[in-house]
Structure formats: C-alpha cells, structure tokens
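K.L.:
What shape does this take:
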Amino acid sequence: MKKNELNQIIARIKQEFKIAQDQEVAKLLGISRASLANHKTRKTIPHKEIISLCRKNGKDLDYILGSKKKANITNPEKKEKDELYYQEKCEIYKEEIMQLLRENSQLKTQLLNQQELVGTASKKAGNGKKKIG
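P.N.:
Numbering: from 1, shown residues only. Here you go, the predicted model:
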C-alpha cells in the first residue's frame, strides 16, 4: 500500500459522509479509533469494513477506494436528462412487466383448463373399467 493511500480513503469517506474526525470514520467503519490508528501505522486498509460501509449506505466503493473519480453531476441539464432517461426506462419495464403478467395469467388459465380436461377424461376412463371380484 502506498504511504498516503489509507489517508486518501479516509479523506474520501469524510467527504462522502460530511464528517471531520478520524474518530467519526472509525465509528462509521465499526472499529475503534485505536484500530484505525493501527491500520495507518501498519499501512493496511480495513477492506471488509469499508466494503460493508459502502454497501449499507449506497456509496460508490470504487470511488472510496480511489479506483475511479467521483461522478460529477453538477450540470443540471445532464442530471435532468439522466432522470428522464431512467423514467423512460422505468415506464418501458413497467409495460413489459404488465405484458408478462397478462401472458402468465393466460397460461395459468390454459393450464387449469387442461387439468380439468385430464381430470374429466380420467374419471370417464375409470368409470368404464370392469371390476373383478
């Protein structure tokens, strides 16, 4: 690990969670302040805790770990365009789901009808058999 890598990760966590102290970072990670200090001294990263923190809070793990830059959505037009795109996608998926539900209902009705026919045919076949005895 590079010398400042953990410090940079901590700085990004502070920025994302709008906090100022290492003690607050440690609390978010679910470790003690001493444990965080030990990670700094040993130049190790508490990966498991960072992954858990990002998952629980919907944060971009790649950004926190420094693998990529933070997405910049400060342009209101782009943000609005993205929102419209996702709204359109949602509508398309909603229509597709409704169509699948209709098809599922039709298939269920057909299956029930076939089961009734098989049941009726089985009863007729059973009544036609001669009893030996």
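
K.L.:
Any regions of the chain where pLDDT drops low?
P.N.:
1-3, 70-80, 127-133 (pLDDT under 70).

K.L.:
can I see the domain layout of it?
P.N.:
Following the assignment in automatic domain parsing, the chain carries domains at 5-65, 74-127.

K.L.:
In CSV, list these along with mean neighbour count.
P.N.:
Bear in mind the C-beta positions are built from the backbone N, C-alpha and C, glycine included. Formatted as CSV, the domains of the chain follow (neighbours: other C-beta atoms under 10 Å):
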stretch, mean neighbour count
domain 5-65, 15
domain 74-127, 10
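
K.L.:
Show me how far the top helix by length along the chain is from its chain's centre.
P.N.:
In the chain, assigned by DSSP state H, the helix with the most residues is helix 76-127. For helix 76-127, the separation from the chain centroid amounts to 24 Å (computed by C-alpha atoms, centre = their mean, to the nearest Å).

K.L.:
Skipping its backbone neighbours, what lies nearest S32 in space?
P.N.:
A26 (6.1 Å; C-beta to C-beta, 6 or more residues apart in numbering).

K.L.:
you'd agree the one you found is up against L36?
P.N.:
Yes. Here A26 reaches L36: they are 4.2 Å apart, a contact under C-beta atoms under 8 Å.

K.L.:
quick one, phi/psi of I31?
P.N.:
I31 adopts backbone torsions of phi -130, psi 170, taken as degrees, to the nearest 10.

K.L.:
what do you get for G30?
P.N.:
The phi and psi torsions at G30 (degrees, to the nearest 10) take the values phi 80, psi 30.

K.L.:
Contact partners for it?
P.N.:
Counting by C-beta atoms under 8 Å, 6 or more residues apart in numbering, G30 touches E49, S52, L53.
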